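Participant: below is the sequence, then the predicted model.
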Amino acid sequence: MQLFYHPDLTSELESCTFDAIESQHIVRVLRKKEGDILWITNGKGFLFQSEITSAHDKRCKIKVVSVTSEPSQRNYYLQLVIAPTKNMDRLEWFAEKATEIGVDEIVPIICEHSERKVLKTDRLEKVVIAAMKQSAQCILPLVRDAVSFTEWVNRDFEGQRFIAHCEETERHAFKSLLQPHQKVQVFIGPEGDFSIKEIALALQKGIKPVTFGINRLRTETAGVVAVHTVALVNEI
């Protein structure tokens, strides 16, 4: 099933119009025509069966045929808190793969050792939307605005909390501490790792220090490993 995305579509609407970019993709690239069926999600857990009523490459219009609720297929909730990489391509690669595997929130954090101190999330959101459609999911992961490590670590989170770092201090294997069917928050640091001060603050907040193995991983690789490990543990 090929999935399309329209954020403004609701179960109460009987029709809607795609913007110029999506309309051009539907009509010119995919060569869809009037009467063709499209499957659309609004990213909020709804799947709409629709029919094209006007195959215009700038204003493709559809009418809703049926609506079904598609709850998340995951039995856990994952918030991945990650420092943006200097190379945006690497962060976008992470966001794509994390969405495909299964993540609910992506929270970019600015740390003491971050090489990238400013992040515009519009490109990241587009990557996540494309990955959601490609993986046929109906719930769009939330991409939050970038926030400082200190601010986010001090926020309450009702669930398991972990911080992955490379310091030679007491750490546990991430998989050994994970419990299935839970809310999970994982902090992943920048290329220069979390600072000693940041690690200490996390530990004060009761966040458990973990490792993903003996090899030192890139930030984006560590993020994907965290997402995949949570997914595997929840296959139980």
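Facilitator: Thanks, I have the structure now.

Participant: how about Ile40, secondary structure?
Facilitator: Counting by DSSP: H, G, I helix; E, B strand; the rest coil, the backbone at Ile40 sits in strand.

Participant: now swap in Leu78 and tell me
Facilitator: Per three-state DSSP, Leu78 ends up strand.

Participant: tell me how many other residues crowd it.
Facilitator: Residues near Leu78, counting by other C-beta atoms under 10 Å, number 25. All C-beta spots, glycine's among them, are computed from the backbone N, C-alpha and C.

Participant: Arg31 now?
Facilitator: Neighbours of Arg31 (other C-beta under 10 Å): 9.

Participant: could you do Asp193 as well?
Facilitator: Other residues close to Asp193 by other C-beta under 10 Å number 19.

Participant: likewise the one 3 residues further on?
Facilitator: A total of 12 residues lie near Ile196 under the criterion other C-beta under 10 Å.

Participant: my guess is it contacts Glu168, does it?
Facilitator: No - between Ile196 and Glu168 there is no contact under C-beta atoms under 8 Å: 11.6 Å.

Participant: could you chop the protein up by domain?
Facilitator: 3-69, 77-233 (automatic domain parsing).

Participant: just the endpoints, please. Distance across the shortest one?
Facilitator: It stands for domain 3-69. 15 Å (C-alpha to C-alpha, to the nearest Å).

Participant: surely Cys179 is in contact with Gln160?
Facilitator: For residue 179 the amino acid is Gln, not Cys. Yes - taking C-beta under 8 Å as the definition, Gln179 is a contact partner of Gln160 at 6.4 Å.

Participant: rewinding a little: save the domains of the chain as a markdown table, and put in mean pLDDT too.
Facilitator: Below are the domains of the chain laid out as a markdown table (pLDDT from 0 to 100):
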| stretch | mean pLDDT |
| --- | --- |
| domain 3-69 | 94 |
| domain 77-233 | 95 |
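
Participant: of the ones you listed, flag the one that's most buried.
Facilitator: domain 77-233 (a mean of 18; mean count of other C-beta atoms under 10 Å).

Participant: do a quick rundown of the strands in the protein.
Facilitator: 3-5, 15-17, 37-41, 46-54, 61-69, 77-82, 105-110, 142-143, 147-148, 160-164, 172-173, 183-188, 208-211 (DSSP state E).
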